[in-house]
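Novice: one predicted model, sequence on top.
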Amino acid sequence: MAEKNESTAEKKGAVQFLKEVRAELNKVSWPTKKELASYTGVVGLTVVAVCALIWVCDTAFAKLFRIILG
């Protein structure tokens with residue numbers, strides 16, 4: 001009998017948790033489609049810029065080590 005009560009309590013707790021999650025998500029200020037596209041573009045450009053910077057540094061260090069180590 002105790003197992004049944006624990007199972008019911010767990011289900012009620014899970015349902016309450018999901019209700020609270022939904023309530024919190026309704027409070028979120030979601031971006032518009034235009035804002036989302038803009039943010040996505042900024043992230044994309046930033047990723048490309050950082051990749052290019054890493055590539056340049058990697059190439060420079062590789063050449064430097066080839067010169068130093070012969």
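Specialist: Done, it's in. Residues are numbered from 1 along each chain as shown.

Novice: rest of the way, CA atoms for contacts and neighbours
Specialist: Will do.

Novice: run the chain-centre distance for the lengthiest helix in the chain.
Specialist: Ranked by residue count and defined by DSSP state H, the top helix of the chain is helix 33-69. On the basis of CA atoms, centre = their mean, to the nearest Å, helix 33-69 is displaced by 19 Å from the centre of the chain it belongs to.

Novice: may I see the buried residues of it?
Specialist: For helix 33-69, a neighbour-count test (16 or more other CA atoms under 10 Å) marks nothing as buried.

Novice: pick out the residue closest to the middle of the chain.
Specialist: The chain has V43 as the residue nearest its centroid, 11.8 Å off, counting by CA atoms, centre = their mean.

Novice: quick one: it from E10, how far?
Specialist: 41 Å (CA to CA, to the nearest Å).

Novice: what lies in contact with stretch 37-49?
Specialist: Among residues not part of stretch 37-49, none is counted as a contact by CA atoms under 8 Å, 6 or more residues apart in numbering.
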